[in-house]
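J.: prediction below, plus the sequence it came from.
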Amino acid sequence: MDESRLLAEQRDRNLYQRLKVKQAPFFVQNQAVQQALRAVEEVHSLPPLETERYKKVESSFRNQAAFGQIDAQSKRETGHILLTFKRDIAPEQLGLTILHELGHLIDLLFFEPVNVLTHSDITKNELEPVLSAAQSTRAWQQYQGRLNLDSFDDDALYLSRPEEIWARAYAQYIAEKSGNENLLAAVKEQATTAYSQLPEHWSTTDFMPIRQAIDTLFQTKGWLR
């Protein structure tokens, strides 16, 4: 086996050994999980972890309000990260939610400074071009328009948070680059339906500068397939 192929397989094992989603309650949910992970595999790989703090990702389905959540604190002393997904989440939303939480995981583990998520008080230089591209979009203008009317609007504040912009952008990037029809349908729905009257995702045209920024980022890091 040549060296480049060996390194590629090592990168794949590094990603998928750490993201083993436990059996979902329903068969169609398991199909959605596998589709999402295959979409990621088609688009990019990841290098060996640069942090030794986190050694394992645990995942489960629970009765919770949020579609998905990442918890890197409650089991921090054991090096475990917890990913939880809403037990009765619709399959068409589960795939995109898996990607969203994987975006948080990549933020946490692979961009300096590691072990923290990007946010308004933490500058991750590699993610800055992606966040800047997001601020040129129509969706961003809608968030800011809402905040101009009410600077404490919870929905607009949430959608504007850097870590959430990155996670949503990563999920949409994988959907578009892989061409997975189910993931693309979920993105389209969230770009046109209301998140309290605000778009959670971007139209294909609005997303273009963000997609180009992530392309450049992943090419620079040598992650793209």
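T.: Here it is on my side, so go on.

J.: low-scoring stretches of the chain, by residue?
T.: Low-confidence segments of the chain (pLDDT under 70): 1-25, 49-53, 194.

J.: and the lengthiest helix in it, what's buried?
T.: The residue-count maximum for a helix in the chain (DSSP state H) belongs to helix 91-110. Neighbour-count burial for helix 91-110 flags 91, 93-110 (criterion: 16 or more other Cβ atoms under 10 Å). (C-beta placed from N, C-alpha, C; glycine too.)

J.: equivalent analysis for stretch 169-187, please.
T.: 169-178, 180, 182-184, 186-187.

J.: which residues in the protein form strands?
T.: With DSSP state E, the ranges of strands along the chain come out as 56-62, 68-71, 80-86.

J.: could you report the distance from D150 to Q197?
T.: 12 Å (Cβ to Cβ, to the nearest Å).

J.: what of T118?
T.: 26 Å.

J.: between those two, which is the more surrounded one?
T.: T118 (25 against 10; other Cβ atoms under 10 Å).

J.: residues contacting the more buried one?
T.: Going by Cβ atoms under 8 Å, 6 or more residues apart in numbering, T118 touches 107, 111, 124, 127, 131, 162-163, 166.

J.: try it again with 6 Å
T.: Residues near T118 by Cβ atoms under 6 Å, 6 or more residues apart in numbering: 107, 124, 127, 162-163.

J.: and which of these is nearest to Y143?
T.: P162 (12.3 Å; Cβ to Cβ).

J.: not counting sequence-adjacent ones, nearest residue to the closest one?
T.: Distances taken as Cβ to Cβ, 6 or more residues apart in numbering put T118 closest to P162, at 4.9 Å, once the chain neighbours are dropped.

J.: if I look at that neighbour, how far off is K188?
T.: T118 is 26 Å from K188, by Cβ to Cβ.

J.: and L109, how close does it get to E58?
T.: To E58, L109 is 15 Å away according to Cβ to Cβ.

J.: give the contact list for the residue most central in space within the chain.
T.: Centroid-nearest residue in the chain: G103, 2.5 Å away (criterion: Cα atoms, centre = their mean). By Cβ under 6 Å, 6+ apart, G103 lies in contact with 166-167, 170-171.

J.: the closest residue to it other than its chain neighbours and E163: what is the separation?
T.: Sequence neighbours aside, Y170 is the residue nearest to G103 in space, at 3.3 Å (criterion: Cβ to Cβ, 6+ apart). Taking Cβ to Cβ as the measure, Y170 falls 11 Å from E163.

J.: and K56, how many neighbours?
T.: 13.

J.: CA atoms only: put stretch 126-142 into PDB for me.
T.: Listed next in PDB are the C-alpha coordinates belonging to stretch 126-142 (Å, rounded to 0.1, in the frame of the first residue of the first chain):
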ATOM      1  CA  GLU A 126      -8.600  29.800  10.400                       C
ATOM      2  CA  LEU A 127     -12.300  30.200  10.700                       C
ATOM      3  CA  GLU A 128     -12.400  34.000  10.300                       C
ATOM      4  CA  PRO A 129     -12.700  34.000   6.500                       C
ATOM      5  CA  VAL A 130     -15.700  31.700   6.800                       C
ATOM      6  CA  LEU A 131     -17.400  33.900   9.400                       C
ATOM      7  CA  SER A 132     -16.600  37.000   7.400                       C
ATOM      8  CA  ALA A 133     -18.200  35.400   4.300                       C
ATOM      9  CA  ALA A 134     -21.300  34.700   6.300                       C
ATOM     10  CA  GLN A 135     -21.500  38.300   7.200                       C
ATOM     11  CA  SER A 136     -21.800  39.200   3.600                       C
ATOM     12  CA  THR A 137     -25.000  37.100   3.100                       C
ATOM     13  CA  ARG A 138     -28.600  38.100   3.000                       C
ATOM     14  CA  ALA A 139     -29.400  35.800   5.900                       C
ATOM     15  CA  TRP A 140     -26.900  37.700   8.100                       C
ATOM     16  CA  GLN A 141     -28.500  41.000   7.100                       C
ATOM     17  CA  GLN A 142     -31.900  39.600   8.300                       C
END
